[in-house]
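Enquirer: give me coordinates for this.
(one chain, ligands or ions: 1)
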Amino acid sequence: MLDTQTEGYVTADGRQIGGVVMELKNITLRFGGVVAIKDISFDIRHGEIRAIIGPNGAGKSSMLNVISGFYNPQEGELIYKGYKRPQMRPYKVSRMGIARTFQNIALFEGMSVLDNIMTGRMHHMKAGFLSQAFWWGAAAREEAENREAVEKIIDFLEIQAIRKTPVSRLPYGLKKRVELARALAAEPQILLLDEPMAGMNVEEKEDMSRFILDVNDEFGTTTVLIEHDMGVVMDLSDRVVVMDYGKKIGDGTPEEVMNNQDVIDAYLGVSHD
Ligand SMILES: Nc1ncnc2c1ncn2[C@@H]1O[C@H](COP(=O)(O)OP(=O)(O)OP(=O)(O)O)[C@@H](O)[C@H]1O
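Expert: Have a look, this model is predicted:
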């Protein structure tokens, strides 16, 4: 059992996980009469791969949308880096270092891979409108710096060969990788992945798993991913929150949640009154 009160822990494969970066406390989210999230609390630690899993309609996407600022919960609070985060628009949340990918790919289909990834650098562009328009020194320098950061990610995710290709021509698995690249280009402190393996074949899933682990290793990015498929996340995650019908029914290491009777029942479809 992990002691979450301590300043981090060491994973089974020897990675050092740090202190709490985000804490969700007693979050409740309703849509009219539907309670999508019921009084859920959990934390996310620096450098960890944290998964949120659960059957269909469990409330996983709703939870990711609370973290990304897309939904504001009616109850509860979200503490980010020690401060209570006020209600704010998603673009402001992303400026605070939280980037995400989407379940249904949200890339600019007509644009090249490189240009799509460059859009992830928006928050890092500081040169004013005028200097950009006239290509003054600051804008040119900034462009070079941004290109360098993006090229590093392109190399890392092994997509050099398609950097000039329009996204519309790419197979599904590669589009997902480009989405990951764009999110990484923002240099996020927390990376949110919305079903990164959905719709992939076995080989693509294996590739994506490897990239998620490598990204965590290389950039030290704290990663929160939601997944429908319990098997896929077990190898990947350090800790797992399990949701069912809007409630948290399990939270712990993959081993702990796999041995949790409520989790086993939820996945086998055993009903609870
Ligand atoms: N925008 C919305 N308006 C109304 N109800 C919603 C909305 N979004 C989600 N819900 C409801 O909230 C509940 C949780 O849905 P959510 O999409 O968060 O679950 P999920 O675990 O991500 O499911 P899936 O694995 O099928 O994507 C469901 O009953 C869903 O119908």
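Enquirer: tell me who's in contact with the residue nearest to the spatial centre of the chain.
Expert: When CA atoms, centre = their mean is applied to the chain, the residue found nearest the centroid is residue 192 (1.2 Å). Residue 192 makes contact with 64, 67-68, 98-101, 183, 223-225, according to CB atoms under 8 Å, 6 or more residues apart in numbering. (C-beta placed from N, C-alpha, C; glycine too.)
Enquirer: break the chain into its domains for me.
Expert: Taking automatic domain parsing as the reference, the chain has its domains at 13-97+188-273, 110-187.
Enquirer: any idea which of those gets closest to the ligand?
Expert: Closest to the ligand of these is domain 13-97+188-273 (CB to the nearest ligand atom; 3.3 Å).
Enquirer: host element of the nearest residue to residue 90 once chain neighbours are set aside?
Expert: In this structure, residue 90 finds its nearest non-sequential neighbour in residue 69, 4.5 Å apart by CB to CB, 6 or more residues apart in numbering. Here residue 69 sits in a region with no helix or strand, counting by DSSP states H and E.
Enquirer: shouldn't residue 69 be in contact with residue 95?
Expert: No. Residue 69 lies out of contact with residue 95 (CB atoms under 8 Å); the separation is 10.3 Å.
Enquirer: those two - which one has more neighbours?
Expert: Using other CB atoms under 10 Å, the more surrounded residue of residue 69 and residue 95 is residue 69, with 20 against 13.
Enquirer: what is the burial count for the closest residue to residue 21 other than its chain neighbours?
Expert: Computed as CB to CB, 6+ apart, the closest residue to residue 21 that is not its neighbour in sequence is residue 46, at 5.0 Å. By other CB under 10 Å, the residues close to residue 46 number 19.
Enquirer: ditto for the one 5 residues further on
Expert: The criterion is other CB under 10 Å. On that basis, residue 51 has 25 neighbouring residues.
Enquirer: helices or strands up against the helix or strand in which it is found?
Expert: Using DSSP H and E, residue 51 falls within strand 49-53. Strand 49-53 sits against helix 60-67, helix 202-219, strand 222-227, helix 230-236, strand 239-244, with contacts defined as 3 or more CB pairs under 8 Å, 6 or more residues apart in numbering; DSSP states H and E.
Enquirer: is any part of that strand close to the ligand?
Expert: No. Using CB under 6 Å from any ligand atom, strand 49-53 stays clear of the ligand, coming no nearer than 8.4 Å.
Enquirer: helix or strand: which one has the residue nearest to the centre of the chain?
Expert: strand 190-194.
Enquirer: coming back round to it: gap between the residue nearest to residue 90 and residue 101?
Expert: As judged by CB to CB, to the nearest Å, residue 69 and residue 101 stand 15 Å apart.
Enquirer: just checking, next helix/strand downstream of the lowest-mean-pLDDT helix or strand in the chain?
Expert: In the chain, the helix or strand scored least confidently by mean pLDDT, DSSP states H and E is helix 129-133, which has a mean of 55. Counting by DSSP H and E, the next helix or strand C-terminal to helix 129-133 is helix 137-156.
Enquirer: return the distance of the helix or strand following that next one from the chain's centre.
Expert: Sequence-wise, the next helix or strand downstream of helix 137-156 (DSSP H and E) is helix 172-185. Distance of helix 172-185 from the chain centroid (CA atoms, centre = their mean, to the nearest Å) equals 12 Å.
Enquirer: related to what we said a few turns ago, compare the domains of the chain and give me the one nearest residue 7.
Expert: Nearest of the domains of the chain to residue 7, taken as CB to CB: domain 13-97+188-273 at 5.0 Å.
Enquirer: would you mind listing what in the chain touches the ligand?
Expert: Counting by CB under 6 Å from any ligand atom, the chain sits next to the ligand at 31, 34, 36, 54, 56-62, 228.
Enquirer: quick revisit: among the contacts of residue 192, name the buried ones.
Expert: With burial judged by 16 or more other CB atoms under 10 Å, the buried subset of these is 64, 67-68, 98-101, 183, 223-225.
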